[in-house]
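Trainee: What follows is a protein structure lacking sequence information:
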């Protein structure tokens with residue numbers, strides 16, 4: 001895909017959307033963020049009957065009830081007031097304490113408060129843009145390693161002519177490019193880019209400056225000026241023609257010693273469906289030369305290309321056909337994506353007037369911002385092994401020219417050696433280091449929230465102490481009518497990296513043993529059952545009454561084992577998923 005097509009695919013800047021930084025009050029009342037005033041009031045009354053201090057005569061329980069009832073009143077006070085709820089939805093509980101919002105909640109409607117917050121968010125976005133430069137860099141170093149295999153093509157009688165006992169390597173080409181962006185306004189961005197290159201003893205370089213203006217969500221324009229092998233002028237534009245169709249055009253004009261070199265490219269694209277796009281591109285490069293009596297405009301090269309790209313979460317397929325001068329070819333490429341293993345496999349075949357080229361390779365994400373890939377290219381240019389390292393916006397590419405001809409040895413070793421080297425380094429070095437880093441970060445996180453976790457646990461235990469009577473009564477009613485009975489509910493680090501239940505969890509009928517980073521919340525969940533139904537809304541479950549978070553900041557799961565009408569059921573899901581019981585899909589087949 002050309003640079004212009006990459007511009008088409010890049011998203012346009014957009015206004016910041018409304019954020020939802022806090023949902024603790026919704027979780028404590030167990031209502032969705034979209035709950036009506038009636039639903040909020042009903043949830044409040046239900047918990048008020050449990051936590052009101054007048055309901056408890058024991059001094060200890062009364063003290064616990066006063067603390068929890070105060071929290072309940074605070075949650076209801078905010079969610080029942082449209083103005084405070086609007087501020088809470090935008091900024092969380094801390095937003096209610098910020099100076100100035102007290103006046104806003106009396107003088108403005110909830111919609112005006114949300115609009116004001118979005119305006120403030122846009123101002124913060126503008127300030128962030130002023131500090132953002134988006135530096136990108138790319139280093140490409142081509143290494144000629146043909147001597148590694150070519151020396152074995154000659155007969156032994158030519159050994160005296162081969163220099164040295166070890167293969168000779170040399171850097172035949174090097175390209176270094178870098179660019180930075182300077183946002184001037186939310187719609188204007190300046191780009192400064194430059195590159196230097198050398199190939200077989202000959203070097204060059206260029207520098208350019210561009211300005212892009214986003215005029216709307218469906219259009220942008222860009223102008224560019226640069227110097228290198230003469231003065232270069234360029235312009236690009238993007239326009240969304242309809243809901244599915246868009247066009248991208250670019251033009252260049254280079255002032256060189258050989259004359260004026262104009263170029264033009266136009267790409268028309270359409271979204272065929274949710275995952276498929278089609279492109280039709282025309283490009284041409286010309287030369288304006290002066291003769292004795294006139295000027296002649298000659299076409300150096302040109303081509304018409306059609307391309308179809310299908311991109312999903314699991315794969316990407318590209319089919320392309322180009323007719324032009326000097327090359328005409330057909331290309332088919334397919335990429336297999338394995339997001340659970342952070343790995344991609346790619347294979348491509350290009351056949352045309354220049355011959356045939358086969359590419360195959362793999363790319364793996366080694367850290368949050370880094371990836372490493374290797375690609376073999378076999379074709380008319382010989383055998384090339386490309387190693388690529390990407391670190392955030394920095395790219396390092398090392399093509400190794402193994403042979404100028406297609407031979408079995410360089411193909412085999414170019415495929416096997418990088419793969420074995422990577423697996424060795426990954427198993428012996430990278431994985432132990434990554435595991436150690438995660439453990440250190442986890443321990444640091446736990447130490448920083450140790451007091452907070454202890455306080456949350458104390459509050460949850462106080463809540464459980466107050467709901468004992470309701471628990472006994474509710475569970476007895478469910479057992480009597482053969483309804484919904486929670487046999488076991490665990491909350492915490494229950495899943496492996498693949499999303500499977502960890503080993504060591506007690507089976508049906510077995511006593512649950514204490515496990516690190518896992519808490520038993522069977523009682524509070526049973527108390528939430530009403531009329532043989534259980535609904536826990538989306539979001540963290542640590543805000544529910546009687547529940548505490550054993551490991552804040554980590555991905556937790558829920559394991560719920562329950563019986564309904566005498567049949568065993570089980571649900572295992574991430575904590576942020578909504579839970580609705582019972583369901584036939586949860587039934588366990590004996």
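Mentor: Structure's in. What do you need? No experiment lies behind these values; they were computed from the predicted model shown.

Trainee: Give me the buried positions along stretch 540-558.
Mentor: Using 16 or more other CB atoms under 10 Å as the test for burial, stretch 540-558 gives 541-552, 556-558. For the C-beta atoms, the positions are set from N, CA and C on the backbone; glycine is no exception.

Trainee: how about low-confidence regions in the stretch 201-350 of the chain?
Mentor: 290-292 (pLDDT under 70).

Trainee: about what we covered before: so which of the buried residues of stretch 540-558 belong to strands?
Mentor: Judged by DSSP state E, the buried residues of stretch 540-558 include 557-558 as members of strands.

Trainee: between the buried residues of stretch 540-558, which is closest to residue 363?
Mentor: residue 557 (29.7 Å; CB to CB).

Trainee: Show me where the stretch 201-350 of the chain has its strands.
Mentor: 202-216, 219-228, 230-240, 245-256, 259-271, 276-290, 295-311, 315-325, 329-338, 343-352 (DSSP state E, counting those that start in this stretch).

Trainee: out of those strands, nearest to residue 501?
Mentor: Taking the strands of the stretch 201-350 of the chain one by one with CB to CB, strand 329-338 is closest: 21.9 Å.

Trainee: For residue 436, give its distance to residue 445.
Mentor: Using CB to CB, to the nearest Å, residue 436 is found at 15 Å from residue 445.

Trainee: got TSV for the strands of the stretch 201-350 of the chain, with distance to residue 144 and mean neighbour count too?
Mentor: Conversion of the strands of the stretch 201-350 of the chain to TSV gives the following (distance: least, CB to CB, whole Å; neighbours: other CB atoms under 10 Å):
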stretch	distance to residue 144	mean neighbour count
strand 202-216	15	15
strand 219-228	26	16
strand 230-240	30	17
strand 245-256	29	17
strand 259-271	30	18
strand 276-290	29	16
strand 295-311	27	14
strand 315-325	29	16
strand 329-338	26	16
strand 343-352	23	16
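
Trainee: low pLDDT regions in the stretch 351-500 of the chain?
Mentor: Using pLDDT under 70, nothing in the stretch 351-500 of the chain is flagged.

Trainee: that's a strand at residue 431, yeah?
Mentor: No. Going by DSSP: H, G, I helix; E, B strand; the rest coil, the assignment for residue 431 is helix, not a strand.

Trainee: neighbours around it, how many?
Mentor: Residue 431 has 12 neighbours, counted by other CB atoms under 10 Å.

Trainee: just to revisit the earlier point, need the strands of the stretch 201-350 of the chain in CSV (columns: distance to residue 43).
Mentor: Shown next, in CSV, are the strands of the stretch 201-350 of the chain (distance: least, CB to CB, whole Å):
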stretch, distance to residue 43
strand 202-216, 44
strand 219-228, 48
strand 230-240, 45
strand 245-256, 48
strand 259-271, 43
strand 276-290, 45
strand 295-311, 43
strand 315-325, 45
strand 329-338, 43
strand 343-352, 45
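
Trainee: Ok, which of the ones you listed comes nearest residue 58?
Mentor: The closest of the strands of the stretch 201-350 of the chain to residue 58 is strand 329-338. By CB to CB, the value is 57.8 Å.

Trainee: The closest one to strand 343-352, inter-axis angle?
Mentor: 170 degrees (axes from the mean of the first three to the mean of the last three CA atoms, to 10 degrees).

Trainee: Partner strands of strand 329-338 and their direction?
Mentor: Using DSSP bridges, strand 329-338 pairs in its sheet with strand 315-325 (antiparallel), strand 343-352 (antiparallel).

Trainee: could you redo those as JSON lines and give each row distance to residue 228?
Mentor: Output for the strands paired with strand 329-338, formatted as JSON lines (distance: least, CB to CB, whole Å):
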{"stretch": "strand 315-325", "distance to residue 228": "25"}
{"stretch": "strand 343-352", "distance to residue 228": "29"}
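
Trainee: mind listing what residue 319 touches?
Mentor: 307-308, 331-333 (CB atoms under 8 Å, 6 or more residues apart in numbering).

Trainee: can you tell me which of those lies nearest to residue 218?
Mentor: Distances from residue 218 to these, taken by CB to CB, are shortest for residue 307, at 21.9 Å.

Trainee: Hmm, residue 318 and the closest one touching each other?
Mentor: Yes. Applying CB atoms under 8 Å, one finds residue 307 in contact with residue 318, separated by 6.6 Å.

Trainee: And the residue nearest to residue 336 when sequence neighbours are not counted, how far from residue 275?
Mentor: Setting aside the residues directly before and after it, residue 336 is nearest to residue 345 in space (CB to CB, 6 or more residues apart in numbering), at 4.4 Å. Distance, residue 345 to residue 275, by CB to CB: 19 Å.

Trainee: number of nearby residues for residue 448?
Mentor: 11.

Trainee: Phi, psi for it please.
Mentor: Main-chain torsions, residue 448, degrees, to the nearest 10: phi -70, psi -20.

Trainee: any idea how far it lies from residue 193?
Mentor: Separation of residue 448 from residue 193 (CB to CB): 42 Å.

Trainee: Check residue 57 too.
Mentor: Using CB to CB, residue 57 is found at 77 Å from residue 193.

Trainee: who has more neighbours, these two?
Mentor: residue 193 (17 against 8).

Trainee: Contact partners for the more buried one?
Mentor: 177-180, 207-210, 226.

Trainee: Surely it is within a helix?
Mentor: No. Counting by three-state DSSP, residue 193 is not found in a helix; it is strand.

Trainee: And it, how close does it get to residue 261?
Mentor: With CB to CB as the criterion, residue 193 and residue 261 are 19 Å apart.
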